[in-house]
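A.B. asks: when you get a sec, could you give me coordinates for this:
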Amino acid sequence: MATSTDAPQGITFTLDLEDGRERGCRDDRFEAVTRRLLDFLAERSVQGTVFVVGQLAEDCPGLVREVAHRGHEIALHGYRHVPLTQLDAATFQSETKKGKALLEDLIGGPVMGYRAPIFSLVRSTVWAAPILGELGFAYSSSVLPAKSPLFGFPGCPSRPFSWPVGLVELPVPVAAVGATGIPFLGGVYLRALPWPVVKIALKTWGRRQSLWTYCHAHDFDADEPFRLIDGLGWAGSRLFFANRAGMFDRIERLIREGIAPALADRVAAGILAPRIRLSMLE
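C.D. replies: Numbers count the residues shown, from 1 in each chain. Coordinates of the predicted model:
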């Protein structure tokens with residue numbers, strides 16, 4: 001554990017369990033690299049939160065059960081991995097209810113957390129928050145409180161808060177760079193940023209209680225052959241594959257900074273999350 005007074009009080013490891021390839025087109029490497037990551041975490045006594053896409057749970061139920069058996073919290077990453085902007089409220093409600101019930105049946109316990117695909121809980125989709133509360137979720141981890149090339153919610157609080165329905169929101173930790181924010185503990189950003197930049201961002205956050213990573217199995221798959229990713233082009237696809245060989249080392253370094261429990265445990269422990277009014281986000 002870190003001893004510096006500037007160090008955060010632990011970082012929760014979170015993983016988005018998704019596979020970008022079409023259903024029926026997956027090979028064995030997705031499950032293999034996920035299990036390699038699970039072994040890596042177990043060797044270091046790290047238990048975090050794994051956000052699972054419902055359709056993937058239908059295709060790989062044994063893998064989801066194994067994740068839960070290893071002591072990780074299971075949360076929902078949408079029934080389908082599509083952004084909220086492509087759904088209406090009725091479809092979102094029915095699919096989310098279906099995905100939550102599917103995961104709870106698989107693990108034999110409650111699913112308390114939700115993460116919107118691609119952090120697509122934005123100004124135009126705040127209608128999703130009360131639905132999540134009505135479905136029995138305790139928290140959401142769905143907002144990127146900064147400008148983003150994909151989905152961002154500038155002006156949204158960067159620290160934990162509660163939606164009017166009582167649902168706790170745990171925003172993506174971002175490092176301020178001018179008028180923008182960089183989610184320095186997640187995915188390609190964590191892989192590509194120089195480590196001194198990550199360290200500075202950690203010190204800037206200090207002793208806040210909401211630091212967490214967000215990773216994907218492919219972030220750790222250094223041997224996956226390069227391919228063009230739909231919608232990213234050549235340059236974006238190169239970035240998608242960049243520095244995967246260093247990802248295990250990045251997580252190892254974050255573990256040395258101090259690891260915190262699963263997100264549901266943090267919420268249950270009473271994380272400070274003042275309630276906001278929707279008018280504050282207009």
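A.B. asks: tell me the secondary structure at Val33.
C.D. replies: Classification of Val33 by DSSP: H, G, I helix; E, B strand; the rest coil places it in helix.
A.B. asks: quick check: it vs Val67, distance?
C.D. replies: The gap separating Val33 from Val67 is 13 Å, by CB to CB, to the nearest Å. The C-beta positions use only the backbone N, C-alpha and C, and glycine is treated the same way.
A.B. asks: quick one: Asp223 is in a helix?
C.D. replies: No - in this structure, Asp223 is coil, not part of a helix, as judged by three-state DSSP.
A.B. asks: how about the contacts made by it?
C.D. replies: Arg29 (CB atoms under 8 Å, 6 or more residues apart in numbering).
A.B. asks: which one is Arg250 nearest to, not counting chain neighbours?
C.D. replies: Leu190 (5.5 Å; CB to CB, 6 or more residues apart in numbering).
A.B. asks: neighbours of the one you found, how many?
C.D. replies: Using other CB atoms under 10 Å, Leu190 is surrounded by 22 other residues.
A.B. asks: now do the contacts for it.
C.D. replies: Contacts of Leu190 (CB under 8 Å, 6+ apart): Phe184, Val198, Thr213, Cys215, Asp219, Met247, Arg250.
A.B. asks: rerun at 10 Å
C.D. replies: 183-184, 198, 213-215, 219, 243, 246-247, 250-251, 254 (CB atoms under 10 Å, 6 or more residues apart in numbering).
A.B. asks: pLDDT-wise, which helix or strand of this structure ranks last?
C.D. replies: helix 233-241 (a mean of 77; mean pLDDT, DSSP states H and E).
A.B. asks: against which helices or strands is that one packed?
C.D. replies: Other elements packing on helix 233-241 under the criterion 3 or more CB pairs under 10 Å, 6 or more residues apart in numbering; DSSP states H and E are helix 187-192.
A.B. asks: tell me the mean pLDDT for the helix it packs on?
C.D. replies: For helix 187-192, mean pLDDT rounds to 92.
A.B. asks: quick one: buried residues of it?
C.D. replies: Gly187, Val188, Tyr189, Leu190, Arg191 (16 or more other CB atoms under 10 Å).
A.B. asks: what about Ala75, which SS state?
C.D. replies: strand.
A.B. asks: the helix or strand containing Ile131: what's the following helix or strand?
C.D. replies: For Ile131, the element it lies in under DSSP states H and E is helix 128-134. Moving toward the C-terminus from helix 128-134, the next helix or strand (DSSP H and E) is strand 139-140.
A.B. asks: need the contact list for His81.
C.D. replies: Asp16, Glu18, Asp19, Gly20, Val53, Gly54, Gln55, Leu56, Pro117, Ile118.
A.B. asks: assign it to helix, strand or coil.
C.D. replies: Once three-state DSSP is applied, His81 turns out coil.
A.B. asks: on the pLDDT front, check it for me.
C.D. replies: So, for His81, pLDDT stands at 94.
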